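>>> mind folding the following:
(one chain, ligands or ions: 1)
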Amino acid sequence: MDSPANDHPTDTVDSRRHRRPVRLSVTTANDFKQCPLKFRLRRIDGIQQPPTLPLVVGITVHRVLEVFLGKKPADRDFRTIPRLLEEALSHVRARPEVDQFITDTGEDTVREECLARLRQYWRTENPAALTCRSTTEMPITHDLAGGVPVTGFIDRVDDAGGKVRILDYKTGKLPKPRYRGEALFQLRFYALVYWRITGTIASQLKLLYLKPGAAGEITDTPTRQQLEDTERDIERLWAAITRAGATGEFVTRRGPLCNWCFYKDTHCPEFGHTPPAYPGWPGGQPSTQPQLTATPTDPDR
Ligand code: SF4
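Modelled structure (predicted):
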């Protein structure tokens, strides 16, 4: 994760996304809001940051929890976690760049960081009491009615007394209050797309932060109106992205979060570097006129 915003781990190190058609995810939306050039370098140019400890820990812990909670509730025994962690470490090491990073960092260091978060998870929830509808990352690729292509993954969907709860794990720390707007945006982004795909509005949204000493949760109970407002926000954001995509004018937006930006020391003109020539929008010119959804309460959508 390259900022306190806590990106989805698998959204960051996968260089196979290079030059694929652009879809809006929580990560790319937050990138553009933070700094349009950062969005461009990462999503359009496909210049991915190398693995970092938070990223590798995030991928590994997500993998362990996915397998662990995929078991029957009675079989979710914490004593199985060390074995699942070893399997997850082997799994993530299949990526050469991650394998090299773990070798350089020391597998014991990575293992301890992961175990600390898994112990924190155990203190937070009683997994044997959970009823999960989905414990594997649920893809939410969809075209919203206003023409915005969105994508992402939902870590877990629970059955909470017959109602839907959407939950996402974060291996970083609970963000300070001034960054919680991003967390709320993420939750409502997921809830909106889940609603548009399934027709069901989740009754609870939760982000679970697992960093010991800075753990906690952010929850939300979205209303239909709030999700419709989020949809309008996403449409406006997409319009700004495609306008920039058509002209190549992705401005820099220097701020405190530059200290967490990979491009600060590599490609950013604000810090003395030269970005590569704009390669153009993947697949040709973007449509710069996505339609604002005209009838947000249309029950047929
Ligand atoms: S370092 Fe440069 S590219 Fe990164 S967020 Fe700051 S201004 Fe944007």
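
>>> helix, strand or coil for the closest residue to the ligand within the stretch 51-200 of the chain?
Using Cβ to the nearest ligand atom, the single residue of the stretch 51-200 of the chain nearest to the ligand is residue 182, 14.2 Å away. C-beta here means a position set from N, CA and C on the backbone, and glycine is covered the same way. Secondary structure, DSSP: H, G, I helix; E, B strand; the rest coil: residue 182 is helix.

>>> surely it and residue 175 touch.
Yes. The pair residue 182 / residue 175 is scored as a contact, 7.3 Å apart, by Cβ atoms under 8 Å.

>>> all helices of the stretch 151-300 of the chain, in order?
Using DSSP state H, counting those that start in this stretch, the helices of the stretch 151-300 of the chain run over 180-198, 224-247.

>>> for these, give me JSON lines that also has mean neighbour count and mean pLDDT.
As requested, those are exported to JSON lines (neighbours: other Cβ atoms under 10 Å; pLDDT from 0 to 100):
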{"stretch": "helix 180-198", "mean neighbour count": "20", "mean pLDDT": "94"}
{"stretch": "helix 224-247", "mean neighbour count": "18", "mean pLDDT": "96"}
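
>>> check contacts around residue 63.
Shown here is residue 63, whose contacts under the criterion Cβ atoms under 8 Å, 6 or more residues apart in numbering are 88, 91, 92.

>>> wait, a strand at it?
No. With three-state DSSP as the criterion, residue 63 is assigned helix and is not in a strand.

>>> count the residues that sit near whichever residue of the stretch 1-150 of the chain sits closest to the ligand.
In the stretch 1-150 of the chain, the residue that lies nearest the ligand is residue 35 (3.2 Å; Cβ to the nearest ligand atom). Around residue 35 sit 23 other residues, with neighbours defined as other Cβ atoms under 10 Å.

>>> phi first, then psi, for it.
Backbone dihedrals for residue 35, given as degrees, to the nearest 10, come out at phi -170, psi 110.

>>> list of residues touching stretch 201-219?
Counting by Cβ under 8 Å, 6+ apart, 6, 61, 116-121, 124-125, 157, 160, 163-175, 180, 183-184, 186-188, 190-191, 194-195, 220-222, 224, 227 sit against stretch 201-219.

>>> what comes up buried for that stretch?
Going by neighbour count (16 or more other Cβ atoms under 10 Å), the buried part of stretch 201-219 is 201, 202, 204, 205, 206, 207, 208, 209, 210, 211, 215, 218.

>>> state the distance from the last one to the ligand.
Shown here: residue 218 relative to the ligand, a distance of 24 Å by Cβ to the nearest ligand atom, to the nearest Å.

>>> ok, now the second one?
Distance check for residue 202 against the ligand: by Cβ to the nearest ligand atom, it reads 32 Å.

>>> got it, and the third one?
Residue 204 sits 33 Å away from the ligand, taking Cβ to the nearest ligand atom as the criterion.

>>> ok, residue 89 touching residue 109?
No. Applying Cβ under 8 Å, one finds residue 89 not in contact with residue 109, separated by 11.7 Å.

>>> and the strands in the stretch 201-301 of the chain?
For the stretch 201-301 of the chain, strands defined by DSSP state E, counting those that start in this stretch occupy the ranges 204-209, 216-220.

>>> partners of the last one in the sheet?
Read that as strand 216-220. Within its sheet, and counting by DSSP bridges, strand 216-220 is paired with strand 204-209 (antiparallel).

>>> now do the contacts for the residue nearest to residue 87 when sequence neighbours are not counted.
Closest residue to residue 87 in three dimensions, ignoring its sequence neighbours and counting by Cβ to Cβ, 6 or more residues apart in numbering: residue 67, at 7.3 Å. By Cβ under 8 Å, 6+ apart, the contact set of residue 67 is 84, 87, 88.

>>> do the same with residue 226
Taking Cβ under 8 Å, 6+ apart as the definition, contacts of residue 226 comprise residue 188.

>>> and the one 4 residues further on, by the same measure?
Contacts for residue 230 were tallied using Cβ under 8 Å, 6+ apart; they are 185, 188, 189, 191, 192.

>>> what's the answer for residue 74, then?
By Cβ under 8 Å, 6+ apart, the contact list for residue 74 reads residue 128.

>>> now the chain, which segments are flagged as low pLDDT?
Segments of the chain classed as low confidence (criterion: pLDDT under 70) are 1-19, 288-301.

>>> kindly recompute the last result at 90.
In the prediction, the chain carries residues with pLDDT under 90 at positions 1-21, 132-139, 145-146, 161, 176-182, 283-301.

>>> show me what from it comes close to the ligand.
34-35, 37-38, 252-254, 258, 261, 263-264, 268, 270 (Cβ under 6 Å from any ligand atom).

>>> out of those residues, which is most surrounded?
residue 38 (27 neighbours).
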